[in-house]
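Peer 1: no FASTA, just this:
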């Protein structure tokens, strides 16, 4: 079986590399680094040329990144919500990427490919931030060139070392496909384990939209203070979706942790963000609990979950 796959990979190496990178950059969690390392190693045996493989990787990234750029430009936070559903790291990286793009602009694209999640989110957020397309392409391709070259030539370097032992190189060449598959599986298992650890830590902490609405109604009827609701979204998200939960304060994740003294300890604190998986708000809630803020909970489904339930919203006055 593996010999036939190896033959397929050798004879169609450039096409396989192009499609794999295109799929990964399209948002699916199938790491292309193991395949680029394998391609670099194969070049040491003359099976392909790195100089020819590199343009295929760059073309795949250009197509997928451009698509995400224009989708982000047109749909803003809506497209980020979709990415959050399919990517394990995307939800974590939304606010960080938005903050980085806001501070550094297109320079973020030079190192985005090296960071899981950031690689997926950088292009649509660049479109959302209205970075000119020509500038986006220039920085994105420069970053892609450095990223792809590093892994392809790392594979070539390893292949050149392996060639010093004909027996070892022959074994490596024979089991190349198996090694790639094992690396991909190991990476996926690692991500799933980390994800499961996060989910288990979060279990029982989430607050349902219906529960929050009931808490707000009860507080209003009793004449008590409403829950302290915090909108953690980045200003870029608010521009494209200027709605907030009633009475919510807009404070970024880092600002909220720095302004710990303003968080009331005598009432419930509810956090929400853009992503339906509420990962950003969940992480901030866990960090605040470690800091001694016990009555803090993330809203299940975030803003989108509240909308889907048909509950009331306030309009943000944009300055």
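Peer 2: Received it, and whenever you're ready, just let me know what you need. Bear in mind the structure is a predicted one, so any value in this text is a computation, not a measurement.
Peer 1: Residue 221: neighbour count?
Peer 2: Look at residue 221: counted by other Cβ atoms under 10 Å, it has 8 neighbours. C-beta: built from backbone N, CA, C; applies to glycine.
Peer 1: swap in residue 285?
Peer 2: Count around residue 285 with other Cβ under 10 Å applied: 25.
Peer 1: Mind listing what's buried along the one helix or strand it maps to?
Peer 2: Residue 285 belongs to helix 279-290 when elements are defined using DSSP states H and E. Using 16 or more other Cβ atoms under 10 Å as the test for burial, helix 279-290 gives 279-286, 288.
Peer 1: What is the subsequent helix or strand relative to it?
Peer 2: strand 296-298.
Peer 1: now that following strand: mean pLDDT?
Peer 2: Average pLDDT, strand 296-298: 89.
Peer 1: Do a quick rundown of the strands in this protein.
Peer 2: Secondary structure of the chain (DSSP state E): strands located at 228-231, 243-244, 249-250, 269-272, 296-298, 314-315.
Peer 1: Now tabulate the ones you listed in a markdown table and tack on distance to residue 212.
Peer 2: A markdown table is the format used below for these (distance: least, Cβ to Cβ, whole Å):
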| stretch | distance to residue 212 |
| --- | --- |
| strand 228-231 | 8 |
| strand 243-244 | 13 |
| strand 249-250 | 15 |
| strand 269-272 | 6 |
| strand 296-298 | 9 |
| strand 314-315 | 14 |
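Peer 1: For residue 151, which of the ones you listed is the nearest?
Peer 2: Ranking the strands of the chain by proximity to residue 151 (Cβ to Cβ) places strand 296-298 first, at 36.1 Å.
Peer 1: re earlier: relative to residue 303, which of the buried residues of helix 279-290 is nearest.
Peer 2: Distances from residue 303 to those, taken by Cβ to Cβ, are shortest for residue 281, at 9.8 Å.
Peer 1: what residues are up against the closest one?
Peer 2: 232, 271-273, 298-299, 302 (Cβ atoms under 8 Å, 6 or more residues apart in numbering).
Peer 1: Tell me, please, where in the stretch 101-250 of the chain the pLDDT is lower than the cut-off.
Peer 2: The model of the stretch 101-250 of the chain has pLDDT under 70 over residues 101-104, 116-117, 162-180, 194-204.
Peer 1: What is the burial count for residue 79?
Peer 2: Applying other Cβ under 10 Å, I find that residue 79 has 20 neighbouring residues.
Peer 1: again but with residue 308, I slipped
Peer 2: 11.
Peer 1: I'd assumed residue 302 was in contact with it.
Peer 2: No - here residue 308 lies out of contact with residue 302, judged by Cβ atoms under 8 Å, at a distance of 10.2 Å.
Peer 1: Which one of the strands of the chain lies nearest to residue 78?
Peer 2: strand 243-244 (12.8 Å).
Peer 1: what lines up beside the closest one in the sheet?
Peer 2: strand 314-315 (antiparallel) (DSSP bridges).
Peer 1: avg pLDDT for the strand it pairs with?
Peer 2: Strand 314-315 carries an average pLDDT of 90.
Peer 1: Could you do stretch 68-81 as well?
Peer 2: The pLDDT scores in stretch 68-81 average 82.
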